[in-house]
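Enquirer: Predicted structure and sequence below. I'll ask about it afterward.
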Amino acid sequence: MPLLGSGAVAMWWDMSSAMKAEFEDWHSHEHFPERMGIPGFRRGSRWADAAGGDGFFVLYELDRYETLASPGYLDRLNAPTPWSTKMMPHHRNMVRSQCHVTDSFGGGIGQAMMTVRLSPSPGNESMLRSHLATLLARLPERPGLTGAHLLRTETPKLAETTEQRIRGGDAAADWILLISGYSAETLALTERTELSSASLVAAGSHNKQVAAHYRLSHSLAGSDLVAPVIM
């Protein structure tokens, strides 16, 4: 099964060691349930730096791209809780991309994730798009891998939100590759071969990409939110 919809939010940031425990508590017990309660939000997953560093990657899978401008989402972005207001300034080096899901193969949630941020070089968008579609379609069939997806950023033309102002503004990626699976070693091999910088440049990418590896920290789907049973 591919990603759970045609829209997505992909985010990267750093969180200091001093704040990490509270961040994971807040993000797991308040923020994720809040986001998954918004109509159109299907699943959220949080990924921690595979080497134990400060980096996190978070992916929200949305029914459709238009959910990004929906009243339910904008209401939450402009009315953060007191705990969210406390935590937002600690999101350092924030990159937040609001995306169309362009290609999606395989699916589910693996334990390992590689993200690659890239852009096509001038005049080579169609060539890169075709190359990636062919490559991504076959990667999930490889032992160790389970999913391969291409996202393309299109930031909705909306006013800056309260959460963005608290964080001090966000950067955005352009094209995003997400490769997931159960073998970190296979992901690393894939980065050294088909998804190496040289291979991507030959396929039409700009010569600057940002690749990173993560391990699954937590995942929550909208269907996981159920009313407590009173015994």
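Expert: Arrived safely.

Enquirer: going forward, measure contacts between C-alpha atoms and count neighbours the same way
Expert: Noted.

Enquirer: mind pulling up the phi and psi values for Gly5?
Expert: The phi and psi values for Gly5, taken as degrees, to the nearest 10, are phi 150, psi 180.

Enquirer: Could you check how far it is from Thr115?
Expert: 19 Å (Cα to Cα, to the nearest Å).

Enquirer: pull the CA atoms of stretch 207-224 into PDB?
Expert: In PDB, the C-alpha atoms belonging to stretch 207-224 read as follows (Å, rounded to 0.1, in the frame of the first residue of the first chain):
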ATOM      1  CA  ASN A 207      24.600  18.900  -7.700                       C
ATOM      2  CA  LYS A 208      23.500  19.700  -4.100                       C
ATOM      3  CA  GLN A 209      21.400  17.200  -2.300                       C
ATOM      4  CA  VAL A 210      20.800  16.600   1.400                       C
ATOM      5  CA  ALA A 211      20.500  13.000   2.500                       C
ATOM      6  CA  ALA A 212      19.900  11.800   6.000                       C
ATOM      7  CA  HIS A 213      19.000   8.500   7.800                       C
ATOM      8  CA  TYR A 214      16.500   8.000  10.600                       C
ATOM      9  CA  ARG A 215      15.000   5.300  12.800                       C
ATOM     10  CA  LEU A 216      11.300   5.100  13.600                       C
ATOM     11  CA  SER A 217      10.400   6.800  16.900                       C
ATOM     12  CA  HIS A 218       6.600   6.800  16.900                       C
ATOM     13  CA  SER A 219       3.700   6.600  14.500                       C
ATOM     14  CA  LEU A 220       0.000   7.400  15.000                       C
ATOM     15  CA  ALA A 221      -2.900   7.100  12.500                       C
ATOM     16  CA  GLY A 222      -6.200   8.900  12.700                       C
ATOM     17  CA  SER A 223      -7.900   5.500  13.100                       C
ATOM     18  CA  ASP A 224      -5.800   4.900  16.300                       C
END
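
Enquirer: what sits against the closest residue to Ser183 other than its chain neighbours?
Expert: Excluding the flanking residues, the one nearest Ser183 by Cα to Cα, 6 or more residues apart in numbering is Gly144, at 4.7 Å. By Cα atoms under 8 Å, 6 or more residues apart in numbering, Gly144 lies in contact with 181-184, 186-187.

Enquirer: same thing but 6 Å
Expert: 181-183, 186 (Cα atoms under 6 Å, 6 or more residues apart in numbering).

Enquirer: Tell me who's in contact with Leu151.
Expert: By Cα under 6 Å, 6+ apart, Leu151 lies in contact with 99-102, 175-176.

Enquirer: rerun that using 7 Å as the cut-off
Expert: Leu151 makes contacts with 99-102, 175-177, as judged by Cα atoms under 7 Å, 6 or more residues apart in numbering.

Enquirer: Repeat that for Ala48.
Expert: Ala48 touches 55-57, 214-217, counting by Cα under 7 Å, 6+ apart.

Enquirer: how near is Leu77 to Pro33?
Expert: Leu77 is 14 Å from Pro33, by Cα to Cα.
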